[in-house]
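Chemist: can you look at this prediction? I've put the sequence above it.
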Amino acid sequence: MKTYLSLLSVLFIMVSCQKDDTVVPRNQGTSSIVMTVGEKDFAIVLAENATANAFAEMLPITITMSELNGNEKYAYLENELPTDASCPQTIECGDVMLYGNNCIVVFYKTFKTSYSYTRIGKIKDVQQLQESLGTGNIIVKYCKS
């Protein structure tokens, strides 16, 4: 029994000390982008999906975003993006989503929803987001960071 345990221990040590040659592929897309409103920059952490990757490939773009419902800004993009829509149940302040296949939406309030969206990303620091977006239509620039 001692011999068996000794052999098992040696085998365990050898396996645990073995060099790991596993290669983990890096994300080929951009992991974050920047949204500029006036003079204020907001970092957006991109979701790990085809929609976010396709949106990042479109950058840089400058678009006019319209106000809707006192909680979001939206704009229709010239190109359609891949989708994988689902209902998040709750929209959070700072969510950047795709509605349909070509409508980008930036949410500046948290609320419940029954609509379906595809996640593009999340704004890291939402302080001053609502203030910067204001109450009317705005010009927003998106670029790679």
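Modeler: Thanks, I have it. Residues are numbered from 1 along each chain as shown.

Chemist: tell me where this protein has strands.
Modeler: For the chain, applying DSSP state E gives strands covering 32-37, 40-46, 61-68, 72-76, 90-91, 95-99, 103-107, 111-112, 118-123, 138-144.

Chemist: just checking: what are the partner strands of the fourth one?
Modeler: Strand 72-76 has the following strand partners under DSSP bridges: strand 61-68 (antiparallel), strand 103-107 (antiparallel).

Chemist: cool, and the first one?
Modeler: Note on strand 32-37: by DSSP bridges, its sheet partners are strand 40-46 (antiparallel), strand 138-144 (antiparallel).

Chemist: residues in contact with the first one?
Modeler: With contacts defined as C-beta atoms under 8 Å, 6 or more residues apart in numbering, strand 40-46 is touched by 29-36, 52-53, 55-56, 96, 120-125, 128-129, 132, 142, 145. Any C-beta I mention is one placed from the backbone N, CA and C, and that applies to glycine too.

Chemist: quick one: low-confidence parts of this protein?
Modeler: Applying pLDDT under 70 to the predicted model, the residue ranges of the chain that meet it are 1-30.

Chemist: what residue lies at the spatial centre of it?
Modeler: When the chain is reduced to its mean C-alpha position, the closest residue under C-alpha atoms, centre = their mean turns out to be residue 121, at 1.9 Å.

Chemist: was I right about that residue contacting residue 47?
Modeler: Yes: Residue 121 sits in contact with residue 47 when judged by C-beta atoms under 8 Å, with a separation of 5.4 Å.

Chemist: contacts for stretch 68-81 next, please.
Modeler: Outside stretch 68-81, the residues touching it (C-beta under 8 Å, 6+ apart) are 51, 54-55, 58, 61, 63-67, 91, 98-99, 101-109, 111, 118, 133, 135, 138, 140.
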